[in-house]
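S.K.: Model the following, please.
(chains A and B)
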There are 2 protein chains.
Amino acid sequence: MNGHLLSALPAALDAERFETLVRSGGGRVERIVSHGQASPPGFWYEQDEDEFVLLVSGEAELGFDDGKRLTLTPGAWAWLPAGCRHRVERTANGSDTVWLAVFFGAA
Amino acid sequence: MNGHLLSALPAALDAERFETLVRSGGGRVERIVSHGQASPPGFWYEQDEDEFVLLVSGEAELGFDDGKRLTLTPGAWAWLPAGCRHRVERTANGSDTVWLAVFFGAA
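M.R.: Numbering: from 1, shown residues only, chains lettered A, B, ... in the order given. Purely as a prediction, here's the structure:
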(Lines give C-alpha, C1' and ligand atoms only; values in the text may rest on other atoms or scores of the structure.)
Protein backbone atom coordinates (compact mmCIF):
# COMPACT_ATOMS: atom_id res chain seq x y z
CA MET A 1 0.00 0.00 0.00
CA ASN A 2 1.30 3.43 -0.84
CA GLY A 3 0.24 6.98 -1.49
CA HIS A 4 1.27 10.62 -1.54
CA LEU A 5 0.58 13.05 1.30
CA LEU A 6 0.00 15.96 -1.09
CA SER A 7 -2.33 14.19 -3.51
CA ALA A 8 -6.11 14.06 -3.30
CA LEU A 9 -6.20 17.00 -0.92
CA PRO A 10 -9.76 17.85 0.05
CA ALA A 11 -11.00 20.90 -1.88
CA ALA A 12 -13.18 22.80 0.55
CA LEU A 13 -12.30 22.71 4.18
CA ASP A 14 -14.83 23.84 6.72
CA ALA A 15 -13.11 21.68 9.31
CA GLU A 16 -9.81 19.92 9.67
CA ARG A 17 -9.75 16.62 7.81
CA PHE A 18 -8.35 13.51 9.52
CA GLU A 19 -7.62 10.36 7.51
CA THR A 20 -6.09 7.17 8.83
CA LEU A 21 -3.54 5.91 6.32
CA VAL A 22 -2.42 2.70 8.03
CA ARG A 23 -2.85 0.84 11.32
CA SER A 24 -0.49 -1.46 13.19
CA GLY A 25 -1.61 -3.08 16.43
CA GLY A 26 -2.80 -0.17 18.59
CA GLY A 27 -0.90 2.36 16.48
CA ARG A 28 -1.80 4.30 13.37
CA VAL A 29 -0.63 6.93 10.92
CA GLU A 30 -2.92 9.82 10.01
CA ARG A 31 -2.86 12.59 7.47
CA ILE A 32 -4.39 15.80 8.80
CA VAL A 33 -5.25 18.69 6.49
CA SER A 34 -5.90 22.10 7.99
CA HIS A 35 -6.85 25.30 6.24
CA GLY A 36 -6.53 28.11 8.76
CA GLN A 37 -8.14 26.21 11.63
CA ALA A 38 -6.89 26.44 15.20
CA SER A 39 -7.99 24.79 18.43
CA PRO A 40 -10.94 26.56 20.05
CA PRO A 41 -10.08 28.99 22.86
CA GLY A 42 -9.32 27.08 26.05
CA PHE A 43 -9.22 23.71 24.30
CA TRP A 44 -6.29 21.39 25.00
CA TYR A 45 -5.42 18.05 23.49
CA GLU A 46 -4.46 15.67 26.29
CA GLN A 47 -4.07 12.19 24.84
CA ASP A 48 -3.56 8.68 26.16
CA GLU A 49 -1.18 7.95 23.30
CA ASP A 50 2.29 9.11 22.38
CA GLU A 51 2.16 11.16 19.18
CA PHE A 52 4.86 12.09 16.68
CA VAL A 53 3.77 14.89 14.40
CA LEU A 54 5.52 16.16 11.25
CA LEU A 55 4.58 19.27 9.33
CA VAL A 56 4.60 18.31 5.64
CA SER A 57 3.42 21.53 4.01
CA GLY A 58 2.07 24.89 5.07
CA GLU A 59 2.82 26.38 8.46
CA ALA A 60 1.47 25.93 11.97
CA GLU A 61 2.05 26.92 15.55
CA LEU A 62 1.61 24.60 18.52
CA GLY A 63 1.03 25.88 22.04
CA PHE A 64 1.85 24.14 25.31
CA ASP A 65 0.41 24.72 28.76
CA ASP A 66 3.65 26.20 30.10
CA GLY A 67 3.11 29.02 27.61
CA LYS A 68 5.69 27.84 25.10
CA ARG A 69 4.95 28.15 21.40
CA LEU A 70 6.49 26.11 18.61
CA THR A 71 6.34 27.29 15.00
CA LEU A 72 6.44 24.44 12.51
CA THR A 73 7.57 24.76 8.90
CA PRO A 74 7.74 21.85 6.43
CA GLY A 75 10.08 19.17 7.76
CA ALA A 76 9.69 20.22 11.40
CA TRP A 77 8.53 17.57 13.85
CA ALA A 78 7.38 17.50 17.46
CA TRP A 79 7.07 14.72 19.99
CA LEU A 80 3.90 14.89 22.05
CA PRO A 81 4.09 12.19 24.72
CA ALA A 82 0.88 10.90 26.29
CA GLY A 83 -0.53 13.50 28.67
CA CYS A 84 1.33 16.43 27.09
CA ARG A 85 -1.26 19.20 26.94
CA HIS A 86 -1.01 20.99 23.62
CA ARG A 87 -3.14 22.94 21.18
CA VAL A 88 -2.95 24.23 17.63
CA GLU A 89 -2.57 27.99 17.97
CA ARG A 90 -2.84 28.64 14.25
CA THR A 91 -2.37 27.12 10.82
CA ALA A 92 -1.57 28.94 7.58
CA ASN A 93 -4.54 30.80 6.19
CA GLY A 94 -5.30 30.55 2.48
CA SER A 95 -3.19 27.44 1.89
CA ASP A 96 -3.27 23.81 2.91
CA THR A 97 -1.37 22.77 5.97
CA VAL A 98 -0.65 19.04 5.82
CA TRP A 99 0.45 17.09 8.89
CA LEU A 100 1.59 13.53 9.32
CA ALA A 101 0.63 12.25 12.76
CA VAL A 102 1.80 8.93 14.18
CA PHE A 103 0.05 7.51 17.24
CA PHE A 104 1.73 4.62 18.99
CA GLY A 105 -1.24 3.36 20.98
CA ALA A 106 -1.84 3.65 24.70
CA ALA A 107 0.78 1.99 26.90
CA MET B 1 11.19 17.39 22.09
CA ASN B 2 11.27 18.65 18.52
CA GLY B 3 13.50 18.99 15.50
CA HIS B 4 13.67 19.40 11.75
CA LEU B 5 14.23 16.52 9.35
CA LEU B 6 16.33 18.64 7.00
CA SER B 7 18.60 20.22 9.59
CA ALA B 8 21.93 18.88 10.79
CA LEU B 9 22.22 16.63 7.76
CA PRO B 10 25.44 14.64 7.87
CA ALA B 11 28.04 16.14 5.53
CA ALA B 12 29.91 13.19 4.08
CA LEU B 13 28.03 9.99 3.52
CA ASP B 14 29.96 6.82 2.92
CA ALA B 15 27.01 4.86 4.21
CA GLU B 16 23.37 5.49 4.90
CA ARG B 17 22.85 7.23 8.21
CA PHE B 18 20.14 5.98 10.60
CA GLU B 19 19.10 8.06 13.59
CA THR B 20 16.37 7.23 16.07
CA LEU B 21 14.38 10.39 16.81
CA VAL B 22 11.90 9.05 19.36
CA ARG B 23 10.78 5.76 20.91
CA SER B 24 7.42 4.67 22.24
CA GLY B 25 7.00 1.21 23.74
CA GLY B 26 8.35 -1.16 21.10
CA GLY B 27 8.00 1.46 18.37
CA ARG B 28 10.30 4.17 17.11
CA VAL B 29 10.73 6.91 14.52
CA GLU B 30 13.96 7.10 12.52
CA ARG B 31 15.46 9.58 10.12
CA ILE B 32 17.45 7.89 7.37
CA VAL B 33 19.76 9.88 5.10
CA SER B 34 20.97 8.29 1.86
CA HIS B 35 23.31 9.71 -0.73
CA GLY B 36 23.14 7.44 -3.72
CA GLN B 37 23.22 4.19 -1.76
CA ALA B 38 21.14 1.18 -2.71
CA SER B 39 20.70 -2.26 -1.17
CA PRO B 40 23.46 -4.66 -2.18
CA PRO B 41 22.63 -7.05 -5.03
CA GLY B 42 20.42 -9.87 -3.77
CA PHE B 43 19.82 -8.21 -0.40
CA TRP B 44 16.26 -8.03 0.91
CA TYR B 45 14.86 -6.37 3.98
CA GLU B 46 12.47 -8.78 5.70
CA GLN B 47 11.47 -7.33 9.04
CA ASP B 48 9.57 -8.48 12.09
CA GLU B 49 8.01 -5.05 12.41
CA ASP B 50 5.45 -3.10 10.41
CA GLU B 51 7.11 -0.06 8.83
CA PHE B 52 5.66 3.15 7.43
CA VAL B 53 8.15 5.04 5.31
CA LEU B 54 7.85 8.58 3.94
CA LEU B 55 10.20 10.15 1.44
CA VAL B 56 10.94 13.67 2.73
CA SER B 57 13.46 14.91 0.17
CA GLY B 58 15.40 13.54 -2.78
CA GLU B 59 14.20 10.54 -4.74
CA ALA B 60 14.29 6.81 -4.29
CA GLU B 61 13.03 3.58 -5.77
CA LEU B 62 11.89 0.59 -3.75
CA GLY B 63 11.79 -2.93 -5.16
CA PHE B 64 9.59 -5.83 -4.09
CA ASP B 65 10.09 -9.53 -4.58
CA ASP B 66 7.21 -9.82 -7.05
CA GLY B 67 9.29 -7.56 -9.33
CA LYS B 68 7.27 -4.40 -8.68
CA ARG B 69 9.11 -1.10 -8.38
CA LEU B 70 7.88 2.00 -6.60
CA THR B 71 9.41 5.41 -7.30
CA LEU B 72 9.16 7.77 -4.35
CA THR B 73 9.26 11.56 -4.60
CA PRO B 74 8.94 13.92 -1.61
CA GLY B 75 5.61 13.34 0.12
CA ALA B 76 5.25 9.76 -1.14
CA TRP B 77 4.82 7.03 1.46
CA ALA B 78 4.79 3.26 1.48
CA TRP B 79 3.50 0.71 3.95
CA LEU B 80 5.85 -2.22 4.48
CA PRO B 81 4.10 -4.74 6.70
CA ALA B 82 6.17 -7.22 8.70
CA GLY B 83 7.56 -9.90 6.38
CA CYS B 84 7.21 -7.77 3.23
CA ARG B 85 10.46 -8.38 1.34
CA HIS B 86 11.72 -5.12 -0.09
CA ARG B 87 14.93 -3.41 -1.09
CA VAL B 88 16.18 0.04 -2.00
CA GLU B 89 16.88 -0.11 -5.72
CA ARG B 90 18.37 3.37 -5.87
CA THR B 91 18.47 6.75 -4.20
CA ALA B 92 19.23 10.09 -5.83
CA ASN B 93 22.88 10.55 -6.60
CA GLY B 94 24.54 13.85 -5.75
CA SER B 95 21.87 15.00 -3.35
CA ASP B 96 20.54 13.95 0.02
CA THR B 97 17.62 11.59 0.16
CA VAL B 98 15.88 11.91 3.51
CA TRP B 99 13.43 9.29 4.75
CA LEU B 100 11.18 9.19 7.76
CA ALA B 101 10.67 5.60 8.89
CA VAL B 102 8.20 4.56 11.57
CA PHE B 103 8.48 1.09 13.10
CA PHE B 104 5.59 -0.10 15.20
CA GLY B 105 7.34 -2.92 17.02
CA ALA B 106 6.89 -6.63 16.55
CA ALA B 107 3.37 -7.93 17.17
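S.K.: Every contact and neighbour count from this point should use C-alpha atoms.
M.R.: OK.
S.K.: How about the helix or strand containing A:Glu30 and chain B, touching?
M.R.: A:Glu30 belongs to strand A:27-34 when assigned by DSSP states H and E. Yes - contact of strand A:27-34 with chain B (CA under 8 Å from any CA of the partner chain) involves A:Gly27.
S.K.: quick one: the lowest-mean-pLDDT helix or strand in chain A to strand B:27-34, angle?
M.R.: Least confident helix or strand of chain A, by mean pLDDT, DSSP states H and E, is strand A:97-106 with a mean of 94. Strand A:97-106 runs at 140 degrees relative to strand B:27-34, counting by axes from the mean of the first three to the mean of the last three CA atoms, to 10 degrees.
S.K.: Output the contacting helices and strands for strand A:97-106.
M.R.: strand A:27-34, strand A:49-57 (3 or more CA pairs under 8 Å, 6 or more residues apart in numbering or on different chains; DSSP states H and E).
S.K.: Which of those sits closest to A:Leu9?
M.R.: strand A:27-34 (7.7 Å; CA to CA).
S.K.: re earlier: might you calculate how far the least confident helix or strand of chain A sits from the centre of the chain?
M.R.: 6 Å (CA atoms, centre = their mean, to the nearest Å).
S.K.: Using neighbour counts, pick out the buried residues of that strand.
M.R.: A:Thr97, A:Val98, A:Trp99, A:Leu100, A:Ala101, A:Val102, A:Phe103, A:Phe104, A:Gly105 (16 or more other CA atoms under 10 Å in any protein chain shown).
S.K.: my guess is the third one meets A:Glu59, correct?
M.R.: Read it as A:Trp99. No - the criterion here is CA atoms under 8 Å, and A:Trp99 misses it with A:Glu59 at 9.6 Å.
S.K.: Which positions in chain A make contact with chain B?
M.R.: A:1-6, A:22, A:24-25, A:27, A:50, A:56, A:75-80, A:104, A:107.
S.K.: Low-confidence regions, chain A specifically.
M.R.: A:12-13, A:107 (pLDDT under 70).
S.K.: if we go to 90?
M.R.: Counting by pLDDT under 90, chain A shows low-confidence ranges at A:8-16, A:26, A:93-95, A:105-107.
S.K.: hang on, the earlier thing: so which of the helices and strands packed on strand A:97-106 has the densest surroundings on average?
M.R.: strand A:49-57 (a mean of 23; mean count of other CA atoms under 10 Å in any protein chain shown).
S.K.: I'm done for today, thanks for sticking with me.
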